[in-house]
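Chemist: Sequence first, predicted coordinates after that:
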Amino acid sequence: TTSAHGRAPVGPAPENWAGPTPDPLTVPGRARRIGEPMPRLEGLAKVTGRIRFAAEYAYPDMVYAALACSTIPKGRITALDVTEAGRAPGVVLVMTHENAPRLNPMPGFGTDPKAGGFDQLPVMQDDRVHWNGQPIAVVLAETQEQADHAATLVRATYAPEPAVTSWDRAVANGTAHASIYGGPGRHELGDAEAALRAAAVSVDEVYRTPYHNHAAIEPHAATVRWDGDELIVHDTTQMVVHSAWSLAKIFGIAEEQVHITAPYLGGGFGGKGLWWYQVLAAAASRLAGRPVRIALTRENVFRMVGSRAMTEQRVAIGATADGRFEAIIHTGASATSRSVDLAEPFILPTQCTYAARTFKLGVEVAYLDMMANTSMRAPGGAVGNFALECAIDELAVKLGMDPIELRIRNEPREEPLDGRPLSARNLVQAWRAGAERFGWDRRNPTPGAVRDGEWLVGMGCAAATHPYVRSPGAAARIILHRDGRAEVEVAAHDMGMGTATAQTQVIADRLGLEPHQVTFRFGDSRLPGLVMAGGSQQTAAVGAAVAAAHRELLARLLKLVGDGSPLTGLEPDQVGSLDGGLAALDDPSRHESYSDILDRAGRDLVVAEAVAPPPEEMTTLSMHSFGAMFAEVRVSSVTGEVRVTRFLGSMDCGRIVNPRTAASQFRGGIIMGLGLALTEELVLDPRTGRVVNASLADYHIPVHLDVPEIDLIWTDIPDPHAPMGARGIGEIGITGTGAAIANAVYNATGKRIRDLPITPEKLL
Ligand code: MOS
């Protein structure tokens with residue numbers, strides 16, 4: 001059979017996803033660490049304060065930085081009086097655009113594989129103000145308190161220029177077509193508007209989502225030191241190599257002269273990359289000749305680290321009377337600043353979730369004079385899925401159909417827009433298992449029908465999706481010692497998700513070792529490879545690099561075996577790792593330990609390094625993570641307060657490498673989705689373009705009392721085309737959750753809130 005797009009469906013996948021070498025995971029009898037709920041290796045050290053974060057490095061001669069920031073959104077600085085600040089107690093240096101060293105502009109992310117700047121502006125090089133909150137002076141002092149005080153004494157005079165600081169004004173100025181990560185931002189299949197008009201049943205609504213900040217528990221910080229012409233930055237970043245390369249470009253030095261460490265992060269979510277603060281700290285450190293610690297306040301983070309931009313989305317779906325989709329239209333705009341020109345790609349979920357006869361999808365941008373926006377957990381997906389999955393629920397009501405059955409009826413048999421074959425998609429199984437576990441059959445489909453005293457009770461559901469990502473360039477170095485220990489080095493990151501633990505399991509299985517024999521080194525720009533902790537890709541990207549380096553290791557070891565080994569005469573594709581050594585794939589009794597091989601060769605260690613193969617699976621196949629999300633809510637008819645009382649995520653993300661850390665990732669995403677649904681909003685003052693929220697007291701992330709027990713199940717069906725069979729799990733939890741809660745609120749109250757967050761006043 002061939003698909004509607006004329007392509008042959010994908011055949012049975014090979015056991016080995018990456019190349020001709022048989023996957024050592026198929027060697028029988030080896031220990032299986034993948035799939036074990038191994039506790040976090042660094043857990044004890046972390047909770048007992050023995051791990052150092054970026055702002056906890058100290059140098060004897062170190063000074064502390066504080067920032068003075070613009071109070072207008074756009075214009076020029078006509079005068080900057082730093083006399084009083086310079087005379088304040090403890091002040092070592094005041095740096096402004098007038099005395100800052102000459103720097104090259106930020107290399108914008110995506111302009112080079114290694115570029116990591118989240119805007120493309122010159123950093124404190126001229127008198128221009130681009131957003132309200134832009135740093136205009138850096139004060140260095142002997143203590144943080146002295147620096148903070150002196151920064152308040154900087155006096156600026158401005159020549160303001162007209163600025164666009166409200167969504168309505170930006171849209172009125174006209175929106176522009178946008179690309180999505182350099183690819184097309186529009187897709188059409190057939191005539192969707194005509195199909196919508198002709199459809200038996202349809203919905204056509206507008207959904208709005210606000211400005212969000214990642215609000216990681218660890219605010220952004222860096223400890224910076226120059227050692228001659230070498231720049232050392234202890235940072236909190238999801239991209240150590242990108243940051244090092246970009247800082248080198250900015251300061252006009254070689255990449256090797258910048259050394260970034262970021263072993264542990266207190267959360268990232270897309271917000272931890274190269275912003276102005278690291279550049280300013282490094283420039284001021286160079287001027288002052290002393291190490292600098294810069295630790296942003298929460299107010300600083302909200303005003304000078306990019307956030308997820310606001311969106312306004314139209315979703316229209318036309319269906320036949322029996323619920324088959326004739327048309328899906330998903331269009332609209334998101335806010336951006338001219339310094340980054342980045343669309344919030346909210347059509348991503350609509351490209352992959354349902355089949356339809358016609359499609360019209362498109363993302364535009366509306367320009368505001370605001371801080372450069374950026375990616376935040378499930379960019380596009382979190383807010384686009386909210387709009388799409390609410391619209392599906394609205395359509396189910398109009399059709400008088402169960403919303404799960406409506407979704408299953410429109411399950412695609414290939415990637416909906418381009419016909420790429422599905423790799424492993426078991427969303428229907430996730431729906432069925434989730435519905436049974438959650439007790440979906442006990443839901444009363446009539447809105448407002450279930451009451452418990454003042455509380456209205458409802459259930460809702462939504463699909464969760466996130467694209468599979470594996471960027472090119474990941475590399476790994478394996479150092480295998482004669483005593484059977486292996487050190488594996490990758491420039492990867494642990495934002496709190498358990499990278500080191502999961503990779504230790506992957507490496508132990510791959511090399512046939514016990515986890516205690518494995519040391520995984522990461523979080524340092526001097527380690528091999530180009531890896532970003534973004535797009536939920538690290539497990540796959542690093543796993544693919546480890547597999548490639550392991551193949552190189554097999555070849556090197558076979559060169560060392562010589563005569564008289566059980567392995568003599570075997571080729572690299574005929575052996576795998578097993579029980580601390582190598583074994584023939586077709587006869588595991590032909591085995592020799594690493595120690596014996598190295599002993600006989602008179603070697604203390606062998607080193608193998610390789611780059612992961614190009615991520616062809618991403619472009620040739622339809623690969624996504626999926627989930628079926630279920631929420632139960634209680635809404636107070638007196639106050640409008642929404643309490644989420646039960647939540648279930650039924651996930652389909654390929655093989656789960658570590659159920660303990662994976663569950664934590666899913667729960668974290670779901671909790672963030674709860675904030676998206678009910679409480680989170682950065683408020684941009686439309687008069688001044690200033691972010692009003694200045695602390696977590698007025699940017700409301702969920703706290704323990706807001707979070708119910710979150711139940712999780714997963715299909716655990718390995719994806720034959722993903723390294724280790726594992727697709728991404730880090731971001732998907734925030735998708736589906738917002739819509740499941742909004743749909744549950746509708747079921748409880750009969751009120752359809754299309755404008756996030758669902759705060760009490762909208763329900764009264
Ligand atoms: Mo994420 S927004 O890819 O860190």
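Modeler: Happy to help now that I have it.
Chemist: Is whatever residue of the stretch 451-600 of the chain ends up closest to the ligand in a helix, a strand, or coil?
Modeler: Distances between the stretch 451-600 of the chain and the ligand by C-beta to the nearest ligand atom are smallest at residue 534, namely 3.3 Å. (Glycine included, C-beta is placed from N, CA and C.) Per DSSP: H, G, I helix; E, B strand; the rest coil, the secondary structure class of residue 534 is coil.
Chemist: pLDDT wise, what is the nearest residue in space to it that is not next to it in sequence at?
Modeler: Nearest residue to residue 534 in three dimensions, chain neighbours excluded: residue 238, at 5.7 Å (C-beta to C-beta, 6 or more residues apart in numbering). On pLDDT, residue 238 comes in at 97.
Chemist: Can you point out the buried residues in stretch 578-596?
Modeler: 578-585, 590-592, 594, 596 (16 or more other C-beta atoms under 10 Å).
Chemist: hang on, the earlier thing: next, the residue of the stretch 451-600 of the chain closest to the ligand: phi, psi?
Modeler: Main-chain torsions, residue 534, degrees, to the nearest 10: phi -150, psi 160.
Chemist: who's in contact with it?
Modeler: 238-239, 270, 375, 469 (C-beta atoms under 8 Å, 6 or more residues apart in numbering).
Chemist: where does this structure dip in pLDDT?
Modeler: Where the chain drops to pLDDT under 70, the residues are 1-31.
Chemist: For it, what lies in contact range of the ligand?
Modeler: Within the chain, the positions lying close to the ligand (C-beta under 6 Å from any ligand atom) are 238, 268-270, 375-377, 379, 534-535.
Chemist: mind putting these in a markdown table, secondary structure and distance to residue 300 included?
Modeler: What follows is the residues of the chain next to the ligand, written out as a markdown table (DSSP: H, G, I helix; E, B strand; the rest coil; distance: C-beta to C-beta, whole Å):
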| residue | secondary structure | distance to residue 300 |
| --- | --- | --- |
| 238 | coil | 19 |
| 268 | coil | 17 |
| 269 | coil | 17 |
| 270 | coil | 18 |
| 375 | coil | 20 |
| 376 | coil | 17 |
| 377 | coil | 21 |
| 379 | coil | 23 |
| 534 | coil | 22 |
| 535 | coil | 26 |
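Chemist: Spit out the contact partners of the residue nearest to residue 534.
Modeler: Applying C-beta under 8 Å, 6+ apart to residue 238 gives the contacts 265, 268, 270, 272-273, 493, 495, 532-534.
Chemist: okay, those in JSON lines with distance to residue 698 next?
Modeler: Compiled in JSON lines, the contacts of residue 238 are given as follows (distance: C-beta to C-beta, whole Å):
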{"residue": "265", "distance to residue 698": "24"}
{"residue": "268", "distance to residue 698": "22"}
{"residue": "270", "distance to residue 698": "22"}
{"residue": "272", "distance to residue 698": "22"}
{"residue": "273", "distance to residue 698": "25"}
{"residue": "493", "distance to residue 698": "30"}
{"residue": "495", "distance to residue 698": "25"}
{"residue": "532", "distance to residue 698": "31"}
{"residue": "533", "distance to residue 698": "29"}
{"residue": "534", "distance to residue 698": "28"}
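Chemist: are any of those buried, and which?
Modeler: When burial is judged by neighbour count using 16+ other C-beta under 10 Å, the buried members of the contacts of residue 238 are 265, 268, 270, 272-273, 493, 495, 532-534.
Chemist: Specify the local secondary structure of residue 137.
Modeler: strand.
Chemist: That one and residue 82 touch, don't they?
Modeler: Yes - when contacts are counted by C-beta atoms under 8 Å, residue 137 is listed as touching residue 82 (6.3 Å).
Chemist: any common contacting residues for the two?
Modeler: Among the neighbours of residue 137, those also in contact with residue 82 (C-beta under 8 Å, 6+ apart) are 94, 96, 154.
Chemist: Let's have those residues in a markdown table, adding secondary structure and neighbour count.
Modeler: Shown next, in a markdown table, are these (DSSP: H, G, I helix; E, B strand; the rest coil; neighbours: other C-beta atoms under 10 Å):
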| residue | secondary structure | neighbour count |
| --- | --- | --- |
| 94 | strand | 27 |
| 96 | coil | 20 |
| 154 | coil | 23 |
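Chemist: with these in mind, which one is nearest to residue 284?
Modeler: Set against residue 284, the nearest of the shared contacts of residue 137 and residue 82 by C-beta to C-beta is residue 94 (9.2 Å).
Chemist: got the contact list for that closest one?
Modeler: Taking C-beta under 8 Å, 6+ apart, we find residue 94 in contact with 82, 85-86, 137-140, 150, 154.
Chemist: out of those residues, who's nearest residue 729?
Modeler: residue 138 (39.1 Å).
Chemist: ok, that closest one touching residue 95?
Modeler: Yes - with contact defined as C-beta under 8 Å, residue 138 reaches residue 95; the gap is 4.4 Å.
Chemist: Settle it for me: which of these two has more neighbours?
Modeler: residue 138 (29 against 23; other C-beta atoms under 10 Å).
Chemist: between residue 138 and residue 95, what contacts are shared?
Modeler: Joint contacts of residue 138 and residue 95 (C-beta under 8 Å, 6+ apart) are 124, 280, 283-284.
Chemist: Quick check: the two most widely separated of those?
Modeler: Farthest pair in these, by C-beta to C-beta: 124 and 284, 9.5 Å.
Chemist: Give me the sheet partners of the host helix or strand of residue 187 and which way each runs.
Modeler: In this structure, residue 187 sits in strand 186-189 according to DSSP states H and E. Here strand 186-189 is paired, per DSSP bridges, with strand 358-367 (antiparallel).
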